[in-house]
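*Asks:* Provided below are the primary sequence and the corresponding predicted coordinates.
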Amino acid sequence: MRMIESTSRLSILKTLKSVCIAACGLSLVICLSAAHGAPLSLEKSEKQFKSQVKQFITKYCLDCHTGEEAEAGLALEKYQSRDSILEQREAWEKIVKRIQIQSMPPKDAGVLPTDKEREDVLAWFDDALYGVDCSGEIDPGRVTVRRLNRSEYNNT
């Protein structure tokens, strides 16, 4: 009888230890993913747009996508800031997909971006198009007028 009790206690302790290790590992993964996914500040994002994204567009895209006769009717010279890109989010989501699958710029374009340039620009677009800035004031939403039920109304 004593041996059964000690064996069951030992297995309970092993199980408890395994659960604690799993919980610590899970919390570590959650913390790291939350820290990795933090969006850029607005100023830093705008600065990165001017230093990387705008140069990327100028160097690799504007040869074909400028003016009245732009390829696919897509004139990119009008996008001079982060906000102008966000105004046309759907169009830029399509453009980003083309950059990801490396169909843009096309192979016969002459000068092609390096993998590092492509990754940097795609990271900026990922943050700009899908990142959420949680540093601002919290909006609690619409406040609904609460109605009294019968017992509350009778007690007033």
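*Replies:* Thanks, I have it.

*Asks:* going forward, measure contacts between C-alpha atoms and count neighbours the same way
*Replies:* OK.

*Asks:* where do the strands sit along the chain?
*Replies:* Remark: strands of the chain are absent; assignment by DSSP state E.

*Asks:* where in the chain is pLDDT low?
*Replies:* For the chain, the stretches flagged by pLDDT under 70 are 1-7, 20, 22-40, 133.

*Asks:* one more time with 90, if that's ok
*Replies:* 1-46, 62-64, 66-75, 82, 106-111, 130-148, 153, 156 (pLDDT under 90).

*Asks:* which residues in it form helices?
*Replies:* 2-36, 42-48, 54-60, 82-87, 89-100, 115-130, 150-154 (DSSP state H).

*Asks:* how near is Lys14 to Ile95?
*Replies:* As for Lys14, its distance to Ile95 is 53 Å (criterion: CA to CA, to the nearest Å).

*Asks:* actually Ala123, not the one I typed
*Replies:* Relative to Ile95, and taking CA to CA, Ala123 is found at 14 Å.

*Asks:* before we move on, what about Leu10?
*Replies:* According to CA to CA, Leu10 stands 59 Å off from Ile95.

*Asks:* Same question for Ser81.
*Replies:* In this structure, Ser81 and Ile95 are separated by 16 Å, where distance is defined by CA to CA.

*Asks:* same question, Lys107
*Replies:* Distance, Lys107 to Ile95, by CA to CA: 16 Å.

*Asks:* between those two, which one's more packed in?
*Replies:* Residue environment comparison for Lys107 versus Ile95 gives the larger neighbour count to Ile95, 14 against 10, counting by other CA atoms under 10 Å.
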